[in-house]
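*Asks:* Quick one, fold the following:
(2 chains)
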Amino acid sequence: MQEIKKDYKPLIVAFCCNWCSYAGADLAGSSRLSYPAEVKIIRVPCSCRVNPTFILKAFQRGADGVIICGCHPGDCHYTSGNYFARRRMSLLFSMLDYLGIERERTRVEWVSAAEGAKFSAVMNDFAKTVTELGENKRLEDLRCKN
Amino acid sequence: MQRIGVFVCWCGSNIASTVDVKKVAEVLKAEPGVVISENYQYMCSENGQALIRNAIKEHSLTGIVVCSCSPRMHEATFRRTAESAGLNPYMVEIANIREQCSWIHKDMEEATEKAIILGRSAIAKLKLNAPLTSGESAVVKRALVIGGGIAGIQSALDIAEAGFEVDIVETSPTIGGNMAKLDKTFPTLDCAACILTPKMVDCAQNEKIDILTYSEVESVKGFVGNFKVQIRKKARFVDEKKCTGCGECMQKCPSKKGLNDFNMGLNTRPAIYIPFAQAIPNVAVIDPEQCLKLKNGKCGLCAMKCNVNAIDYTQKDEIIEREYGAIVVATGYKPISLENFNEYGYSQYKDVVTSLELERLMNAAGPSEGHLVRPSDHKEPKVITFIQCVGSRDTSGCGKPYCSKICCMYTAKHAMLIREKYPDTEVHVFYIDVRTPGKNYDEFFRRAVEQYGVDYVKGMVGKVYEENGKLMVQGADLINNEQVVIPSDLVVLAAAIEPSPTVRKIATMVTASIDTNNFLTEAHAKLRPVESPTAGIFLSGVCQGPKDIPETVSQASACAAKVIGLLAKDKLKCNASVAHSDETLCSGCSVCANVCPYGAITYVDKEFRLGGGKTELRRVASVNPAVCQGCGACTVTCPSGAMDLKGFTTGQIMAEVDAICKR
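*Replies:* Just a heads-up that it's a prediction; the model follows:
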């Protein structure tokens, strides 16, 4: 494992579905349940909108961790989108694993609109895990560094 | 060239206290394409919106970014603002710097930096926005109400009153729900049946209302304004049109050992039965598990006795298909199972009953015809002890973490009624807190204590055990700081209430959000309390959270108002954020159609020019924008990258990723 810089702050991209997880993040916010500022959320209509290339792009641009949040299985606003996301991501993650991206840098979580506390807990835990792993240099495209 | 305006909201001090809004506005002004960047105390206020409108006109803006609260809160507001200034409403992006920034971070520097990044990300997305127009779809002017309790009844009556057709689908053989089982209602002590049954009759007589009892919703397809619903009408083995409800069959039925659900299983009923005297419809139903004829072909007495030949042993379940513009979920509640609460001896002792069972014991139409007697020996109890919060406010995992809200009041009611009718009876109540907010509620509780001399003991009960024919209730008296044991004849448990077990299935069918306690989630806890986040789905009664009858009726009427507002429209604006296929890239492989949950994608043969005067006929995907709900499943599955989602294009999301990852 690489040495971790003292004030190292990871860069984390979170894709949240509009109906459950994004609303869960809103609830975490209105309940003042904090999580690290390193987590930046991108709103998508459904977890099935997350194209694997978005995740590759994030890693290429220097993200240290990517998390995809959707509705609980069976509760998808679009009935089945989260199942597609689950399958796609398990394939992508095993490919990333093969490329040497640690499994812990990617995650799929189900957070409902009522689970503000869970959202905050998940983000805290994910940020901690990624911080411990340190910088992701494996997929980073140095040409993207300005 | 794009001309972007950035508007940073302070939200009073909600944002401004942890985010340096002026700095955010200043930094974002330097972004390429941004021509104006302002900050203001309340962007959503009339003045704030005027500021945006003026800026759009003055600077000929092509798009705006509002850094403010969640888009789930005010995206619609700012889209309207943009539209009123002549901008396409979809040329608006929101950077959520309140819920996702100022409210969760304490460090100003850190929060400001994050707000800037979120703003940049919104600008990057906006640069790729395209003006969108939404299509229109027709509204089916009929509503479905799932559940025929007081919530469903009230919603249906109000919707019908406005002139729209309503169907009530109820799983049990009669409408009326839990309220029909109650004896009296707080805080005025009206008899529940006296105020409920006229409403039930109104439903039956209203020509706009169709009551489908003993029926279940089987499947729901479609979207707001256009739901296609399959309803299973279970075989009741009695022709509803012929049966007069005379009850002759019930007298003659030899199989009389079925537990009477309506009386909470406190007595029995025949295999053919009418749940209660004022049932709507007043039509018998046969329990196929219990009927001798249906089980082994021997009997048929009811058919012989029926004067109108209403009995039909060959009846089958029937599937009815109907279309609706709006759906009201009013599935109600049930008391929790007490299997986790052995300490109170509910399954061990017959004289430990739940409050709903006590309602039946006190009801004139109940198993003891209103004489309050012990279930075990039919003697009048002389000492009655009530235990509150059985499974409510319980974080141990055995019960429910929430307050069931109705128990404090109904226990005060029970105590009062008992002391009124049987003044010699001692009544004790163990409670954690007495919660009686509501008009005339606290006064009601105080009457129980002060006028009727009910003994309230603050503390919880440890166990209930039998000794010398008495039920010994052992608990703590926190005020006198001592252990007490009260020898009682009857113990009444205020069991927590939980949403009806059918609600999860229904929520999945209508894709409504549901919380960890199985209560349906409202679109906004304060401002949209009767709507589900899913358009066209409305929440009435306890399915949304514990509430008493007055609150349920208010919510049911509120729900009806929302439904009427929807059904009064002839056309609805469709979602503008829909998928579309780039026909030059599409290979017509059908993969997208396979993943589409709405069947919005079809294939058409189209002629393409190849050059040199030649043409080629190719099969390409075509999205029906009126049916597409914009989930984006097709966009990811498309192997040629032909499918994209307007408003959330691959390019836009990539741009957001880029902006966020730029260090």
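
*Asks:* what ranges do the helices span in the stretch 351-500 of chain B?
*Replies:* Counting by DSSP state H, counting those that start in this stretch, the stretch 351-500 of chain B has helices at residues B:355-362, B:407-421, B:441-450.

*Asks:* Pick out the residue closest to the middle of chain A.
*Replies:* Central residue of chain A (CA atoms, centre = their mean): A:Ile67, 1.1 Å from the mean position.

*Asks:* OK, contacts around it?
*Replies:* Applying CB atoms under 8 Å, 6 or more residues apart in numbering or on different chains, we find A:Ile67 in contact with A:12-15, A:39, A:106-109, A:122-123, A:126. All C-beta spots, glycine's among them, are computed from the backbone N, C-alpha and C.

*Asks:* So which of those belong to helices?
*Replies:* Judged by DSSP state H, the contacts of A:Ile67 include A:122-123, A:126 as members of helices.

*Asks:* Any idea what the residue nearest to the centre of chain A is bridged to?
*Replies:* A:Ala14, A:Arg107 (DSSP bridges).

*Asks:* rewinding a little: just name the closest of the contacts of A:Ile67 to chain B, please.
*Replies:* A:Val13 (5.9 Å; CB to the nearest CB).

*Asks:* Low-confidence ranges, the chain, go.
*Replies:* Let's take chain A. A:1-6, A:144-146 (pLDDT under 70).

*Asks:* need the contacts of A:Ile67 in CSV with distance to B:Ile653, can you?
*Replies:* Below are the contacts of A:Ile67 laid out as CSV (distance: CB to CB, whole Å):
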residue, distance to B:Ile653
A:Ile12, 16
A:Val13, 10
A:Ala14, 13
A:Phe15, 8
A:Val39, 17
A:Thr106, 17
A:Arg107, 19
A:Val108, 17
A:Glu109, 19
A:Val122, 21
A:Met123, 20
A:Phe126, 20
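
*Asks:* Leaving aside the residues adjacent along the chain, what's closest to B:Asn440?
*Replies:* B:Pro187 (4.7 Å; CB to CB, 6 or more residues apart in numbering or on different chains).

*Asks:* circling back: can you name the two of the contacts of A:Ile67 that sit furthest apart?
*Replies:* Distance extremes for those: the farthest pair is A:Val39 and A:Val108 at 15.3 Å, using CB to CB.

*Asks:* which of those two has more neighbours?
*Replies:* A:Val39 (25 against 20; other CB atoms under 10 Å in any protein chain shown).

*Asks:* Can you report phi and psi for the closest residue to chain A within the stretch 1-150 of chain B?
*Replies:* Proximity of the stretch 1-150 of chain B to chain A (CB to the nearest CB) peaks at B:Glu99, 2.9 Å away. Backbone torsions for B:Glu99, taken as degrees, to the nearest 10, come to phi -60, psi -40.

*Asks:* Same question for B:Thr508.
*Replies:* When read as degrees, to the nearest 10, the backbone of B:Thr508 gives phi -60, psi -40.

*Asks:* ok, the residue lying closest to it once chain neighbours are set aside - how many residues close by?
*Replies:* Residue nearest to B:Thr508 in three dimensions, not counting chain neighbours: A:Gly74, with 5.6 Å by CB to CB, 6+ apart. By the measure other CB under 10 Å, the count of residues near A:Gly74 is 15.

*Asks:* what do you get for A:Pro36?
*Replies:* 19.

*Asks:* what about it, is that helix, strand or coil?
*Replies:* coil (DSSP: H, G, I helix; E, B strand; the rest coil).

*Asks:* that older thread, okay, the residue of the stretch 1-150 of chain B closest to chain A and B:Asp107: tell me how far apart.
*Replies:* 17 Å (CB to CB, to the nearest Å).

*Asks:* Please identify which of these two sits among more neighbours.
*Replies:* Legend: neighbour count by other CB under 10 Å for B:Glu99 and B:Asp107, higher for B:Glu99 (26 against 11).

*Asks:* residues touching the more buried one, list them.
*Replies:* Applying CB under 8 Å, 6+ apart to B:Glu99 gives the contacts A:25-26, A:28-30, B:69-70.

*Asks:* In helices only, show me these.
*Replies:* A:25-26, A:28-30.

*Asks:* Output those residues as JSON lines; include the columns distance to B:Met409.
*Replies:* Output for the ones in helices among the contacts of B:Glu99, formatted as JSON lines (distance: CB to CB, whole Å):
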{"residue": "A:Ala25", "distance to B:Met409": "37"}
{"residue": "A:Asp26", "distance to B:Met409": "33"}
{"residue": "A:Ala28", "distance to B:Met409": "34"}
{"residue": "A:Gly29", "distance to B:Met409": "35"}
{"residue": "A:Ser30", "distance to B:Met409": "30"}
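
*Asks:* Keep only those residues that also lie close to chain B.
*Replies:* A:25-26, A:28-30 (CB under 8 Å from any CB of the partner chain).
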